[in-house]
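Asker: Everything below, folded, please.
(one chain, ligands or ions: 1)
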Amino acid sequence: MLEVHGLRKTYKSGRREVEALRDLTFTVDTGELVCLVGPSGCGKTTLLRCIAGLLEPSGGKISLDGHEVSGPAPGLAMVFQEYGRSLFPWMSVRDNVELPLKQKKLPRTRRAELVEEALGAVGLAGTESAYPWQLSGGMQQRVAIARAVAYEPSTLLMDEPFAAVDAQTRADLEDLVRALWRRLGVTVLFITHDIDEAVYLGQRVVMLSSSPTVVQDEVTVDLPADRDQLHTRADPRFTELRTHVYEQIQQAKLSQAL
Ligand SMILES: Nc1ncnc2c1ncn2[C@@H]1O[C@H](COP(=O)(O)OP(=O)(O)OP(=O)(O)O)[C@@H](O)[C@H]1O
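Answerer: From the prediction side, this is the model:
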């Protein structure tokens with residue numbers, strides 16, 4: 001379970017201060033898939049960096065599985081938007097996926113098993129010896145997802161992971177994330193700009209206000225758990241939910257403009 005309570009972050013450089021996060025409180029239950037949406041610049045990356053233990057908050061508390069986060073947390077894996085920068089081009093697909101497992105000091109045979117399983121799960125069996133630059137953008141993002149999954153995290157943070165791929169690939173990757181999430185029972189916090197994507201993927205959508213950021217609203221996505229691109233997106237309830245989220249985001253932008 002991920003708990004974010006009263007989180008604040010103010011950046012200070014010299015005399016200049018930027019209050020990025022004012023007061024964020026939300027939870028993601030164990031095994032839940034929550035999507036977070038908010039206007040550009042509202043502090044999504046700041047929030048993720050705080051959760052990942054890469055940035056020190058100015059106040060508030062973050063706990064992961066009952067332990068307060070005060071540095072990189074062991075049960076956490078991340079998938080970033082820029083797969084081109086998160087994979088090492090001089091390493092094969094196998095070595096890229098295996099690297100965090102070496103850092104975890106797992107024995108060689110277990111590492112090989114996990115790499116094979118994870119690549120199989122993302123539909124990339126047989127690409128072990130290829131280099132990232134020999135693969136399409138969508139395939140590279142699958143490698144990044146395989147690397148996160150092989151690590152066997154309790155919590156997966158995804159920071160706009162599909163923003164840089166084409167629409168068809170994006171739809172396939174969205175279905176992959178839901179399938180993996182259902183199979184592995186992992187807790188997922190998925191950050192996106194895309195309202196349709198948030199409603200399609202999430203069990204819950206948390207909406208952020210613009211900076212200085214608070215939780216504007218949240219909504220439970222009461223769509224059936226079995227989702228598919230064609231029927232779910234054509235469901236009148238999907239349209240209602242996306243309209244609600246859209247209106248909240250518009251309101252957040254308006255209050256920023258005032
Ligand atoms: N290192 C920093 N020093 C000072 N201000 C910063 C720093 N990093 C971010 N900010 C400010 O904090 C606020 C939130 O930035 P952040 O990058 O977290 O937003 P974001 O929601 O991820 O943006 P986007 O959606 O455009 O990627 C912005 O006003 C930004 O200018």
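Asker: Which helix or strand in this structure has the lowest average pLDDT?
Answerer: Ranked by mean pLDDT, DSSP states H and E, the weakest helix or strand in the chain is helix 83-86, scoring a mean of 77.
Asker: got the buried residues for that one?
Answerer: Tyr83, Ser86 (16 or more other C-beta atoms under 10 Å). Placement of C-beta: from N, CA and C, glycine included.
Asker: Can you give me the neighbour number for Ala150?
Answerer: 26 (other C-beta atoms under 10 Å).
Asker: Can you read off the backbone torsions of the closest residue to it other than its chain neighbours?
Answerer: With C-beta to C-beta, 6 or more residues apart in numbering as the criterion, Ala150 has its nearest non-adjacent residue at 3.7 Å, and that residue is Ala118. The phi/psi pair for Ala118 (degrees, to the nearest 10) reads phi -70, psi -40.
Asker: could you list every residue that touches Ala118?
Answerer: Residues in contact with Ala118 (C-beta atoms under 8 Å, 6 or more residues apart in numbering) are Val97, Ala146, Arg147, Val149, Ala150.
Asker: surely the third one meets Pro100?
Answerer: Yes - Arg147 is in contact with Pro100 according to C-beta atoms under 8 Å; the separation is 6.5 Å.
Asker: Now do the shared contacts for the two.
Answerer: With C-beta under 8 Å, 6+ apart, Arg147 and Pro100 have common neighbours Ala77.
Asker: re earlier: just the contacts of Ala118 now: which is nearest the ligand?
Answerer: The ligand has its nearest neighbour among the contacts of Ala118 in Arg147, at 22.3 Å by C-beta to the nearest ligand atom.
Asker: The closest one and Ala171: what is the separation?
Answerer: From Arg147 across to Ala171, the span is 22 Å (C-beta to C-beta, to the nearest Å).
Asker: So for those two, which sits in the more crowded spot?
Answerer: Set side by side, Arg147 and Ala171 show more neighbours around Arg147, with 25 against 18, by other C-beta under 10 Å.
Asker: Let me see the contact set for the nearest residue to that one once chain neighbours are set aside.
Answerer: Of all residues not flanking Arg147 in the chain, Val97 sits nearest, at 4.6 Å (C-beta to C-beta, 6+ apart). Taking C-beta under 8 Å, 6+ apart, we find Val97 in contact with Val115, Ala118, Leu119, Val143, Ala146, Arg147, Ala150.
Asker: check which helix or strand covers Val97.
Answerer: Applying DSSP states H and E as the criterion places Val97 in helix 93-103.
Asker: Same question for Asp175.
Answerer: In this structure, Asp175 sits in helix 167-184 according to DSSP H and E.
Asker: Residues contacting the following helix or strand past that helix, please?
Answerer: The helix or strand immediately downstream of helix 167-184 is strand 187-191, counting by DSSP H and E. For strand 187-191, the surrounding residues in contact (C-beta under 8 Å, 6+ apart) are 1-2, 28-37, 44, 47-48, 51, 154-161, 177, 181, 198, 201-202.
Asker: Any part of strand 187-191 near the ligand?
Answerer: No - taking C-beta under 6 Å from any ligand atom as the criterion, strand 187-191 and the ligand are apart, separated by no less than 8.0 Å.
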